[in-house]
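K.L.:
Just a sequence and a predicted model for now, questions to come.
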Amino acid sequence: MTLVALWNQGDALIKGITLLLLAMSVASWYIIVTRTMRAFAFRKMADDAIHFWSARDFDEGVKAISSRGEDNPFLHLAVEGELTLRHYTFGEENLKNQVSLPDLLTETLRGAIDDHMLRLQSGLSILASIGATSPFLGLLGTVWGIYHALVNIGLTGQASIDKIAGPVGEALIMTALGLAVAIPAVLGYNALVRANRRAVGRMNRFARQLHVYFLTGSPMKPSGAAMPPDVTKKA
């Protein structure tokens, strides 16, 4: 009762299910590893974002959080908010008559957060699908294998325990393979969803602080950090 025996004795359906489970396992582990690395990178970016509020002006704050590269959601939020403020301040008067600055900033920051949420959630639907379907694929392989084992026993007329245990045991390996693929996928999905929820919360908090900063020139005090009194917005 080995995987090699199962492969050698299996028909096209058993081999196809085995290859499909292998591909699903590789895909799920790739998503888990890459998204976990992204989650750790985001945590470092979020920790660095506190330095934005310690800067003397906006340009220095942007420079303080740009060390992690352009793929920084906090840098994106700050830049998008500043561009919106400049566009509203120095743009056409018609824009000011149509929408207020608080509403425009809210929509801009919310849109930037939505863009990064889509990036954080990429691949999670695949992971959830793998976790939901792989046990049933394994069960299908088991049922199919047991069916063929019983057919062969009926044709040969040999119903001793040694003739039944081998084929049935090999068929049950398919269920184990399905579970081996599903369990890491489900655990990884739950962990990544929890990490993404924290990430969205930190982006929302930073966006609210930016919103106050662009409207008043005096940013909100970030939780757990002291706010220097000389932080002013550069026009």
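P.N.:
Arrived safely.
K.L.:
C-alpha from now on. contacts and neighbour counts both.
P.N.:
Fine.
K.L.:
which parts of stretch 41-49 are buried?
P.N.:
42-43, 45-46, 48-49 (16 or more other CA atoms under 10 Å).
K.L.:
now stretch 170-188
P.N.:
By neighbour count on 16+ other CA under 10 Å, the buried set for stretch 170-188 is 170-175, 177-186, 188.
K.L.:
Just say helix, strand or coil for R56.
P.N.:
In terms of secondary structure, R56 is coil; the call rests on DSSP: H, G, I helix; E, B strand; the rest coil.
K.L.:
shaky segments in the chain?
P.N.:
Along the chain, segments meeting pLDDT under 70 span 1-10, 68-70, 92-94, 96, 156-167, 218-235.
K.L.:
Please list all residues in contact with G178.
P.N.:
Neighbouring residues of G178 by CA atoms under 8 Å, 6 or more residues apart in numbering: 21, 134-139.
K.L.:
Dump the residues you listed to a markdown table, plus distance to M37.
P.N.:
Shown next, in a markdown table, are those (distance: CA to CA, whole Å):
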| residue | distance to M37 |
| --- | --- |
| L21 | 24 |
| S134 | 25 |
| P135 | 27 |
| F136 | 30 |
| L137 | 29 |
| G138 | 30 |
| L139 | 33 |
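K.L.:
between the residues you listed, which is closest to E80?
P.N.:
S134 (42.2 Å; CA to CA).
K.L.:
shouldn't that closest one be in contact with A185?
P.N.:
No. Contact status for S134 versus A185: not in contact, 9.5 Å apart, counting by CA atoms under 8 Å.
K.L.:
circling back: distance to T84 and neighbour count added to the contacts of G178, as CSV?
P.N.:
Compiled in CSV, the contacts of G178 are given as follows (distance: CA to CA, whole Å; neighbours: other CA atoms under 10 Å):
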residue, distance to T84, neighbour count
L21, 48, 25
S134, 47, 25
P135, 49, 22
F136, 51, 16
L137, 51, 21
G138, 53, 27
L139, 55, 20
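K.L.:
Now for those: which two are most distant?
P.N.:
The most distant members of those, if one measures by CA to CA, are L21 and L139, lying 11.7 Å apart.
K.L.:
Give me the contact list for stretch 188-202.
P.N.:
By CA under 8 Å, 6+ apart, stretch 188-202 touches 32, 35-36, 39, 42-43, 46, 113, 117, 120-121, 124, 127-128.
K.L.:
6 Å instead, please
P.N.:
Surrounding stretch 188-202, the residues in contact under the criterion CA atoms under 6 Å, 6 or more residues apart in numbering are I32.
K.L.:
do the same with stretch 65-85
P.N.:
A49.
K.L.:
show me where this protein has helices.
P.N.:
3-9, 12-48, 58-65, 73-90, 93-98, 101-121, 124-156, 161-216 (DSSP state H).
K.L.:
Quick check: buried residues in the fourth one?
P.N.:
For helix 73-90, the neighbour count (16+ other CA under 10 Å) marks 73-82, 84-85, 88 as buried.
K.L.:
How far away from the center of its chain is it?
P.N.:
26 Å (CA atoms, centre = their mean, to the nearest Å).
K.L.:
list the contacts for L177?
P.N.:
Contacts of L177 (CA under 6 Å, 6+ apart): none.
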